[in-house]
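S.K.: Structure of the sequence below:
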Amino acid sequence: MSGPAESKIELKNARAYLHLPDEATRSKILHIDIEHPLINEIIKPKEATYAAGKYGGVFIGLKKEMIERANKILKEKTD
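M.R.: Prediction:
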């Protein structure tokens, strides 16, 4: 796990869950949920992307349109 770095922006109050199959939430398979409002501004509901394991966690790759949204958000927050 690489931990904090100058090039990383921490998402405070992000929630991560190991989500078990559950009829009440219509979850059919075991999966991991990572929830934060900023994530939904970058990866829209129903969009798919790429994830891979890494030492200490997971890497979520972003597609071109997601990167454009992320850059727009970063620009707005730094101006």
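
S.K.: residue furthest from the geometric center of the chain?
M.R.: No residue in the chain sits farther from the centre than residue 23, which is 24.2 Å out by C-alpha atoms, centre = their mean.

S.K.: count of neighbours near residue 43?
M.R.: 19 (other C-beta atoms under 10 Å). Yep, even glycine has a C-beta here, placed from its N, CA and C like the rest.

S.K.: Now do the helices in the protein.
M.R.: 37-42, 64-78 (DSSP state H).

S.K.: what's the most buried one of those helices?
M.R.: helix 37-42 (a mean of 14; mean count of other C-beta atoms under 10 Å).

S.K.: Would you pull up how far that one lies from the middle of the chain?
M.R.: Centre-to-centre, helix 37-42 and its host chain are 8 Å apart (C-alpha atoms, centre = their mean, to the nearest Å).

S.K.: Can you pull out the residues in contact with it?
M.R.: Applying C-beta atoms under 8 Å, 6 or more residues apart in numbering, the external contacts of helix 37-42 come out as 11, 14, 62, 66, 69-70, 73.

S.K.: can you check stretch 48-57 too?
M.R.: 1-3, 43, 58-63, 66.

S.K.: so of these, which ones are in strands?
M.R.: Counted as lying in strands by DSSP state E, out of these, are 58-61.

S.K.: Just send those back as TSV, with neighbour count, pLDDT and distance to residue 51 too.
M.R.: Putting the ones in strands among the contacts of stretch 48-57 into TSV (neighbours: other C-beta atoms under 10 Å; pLDDT from 0 to 100; distance: C-beta to C-beta, whole Å) gives the following:
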residue	neighbour count	pLDDT	distance to residue 51
58	11	94	6
59	9	95	7
60	14	96	5
61	10	97	7
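
S.K.: which of these sit farthest apart?
M.R.: 58 and 61 (10.5 Å; C-beta to C-beta).

S.K.: picking up where we left off before, want to throw the contacts of stretch 48-57 into TSV with distance to residue 32?
M.R.: As requested, the contacts of stretch 48-57 are exported to TSV (distance: C-beta to C-beta, whole Å):
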residue	distance to residue 32
1	16
2	19
3	20
43	14
58	8
59	13
60	11
61	16
62	17
63	19
66	18
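
S.K.: Could you work out the most separated pair of those?
M.R.: 3 and 63, at 26.4 Å, using C-beta to C-beta across those.

S.K.: I am finished for the moment; much appreciated.
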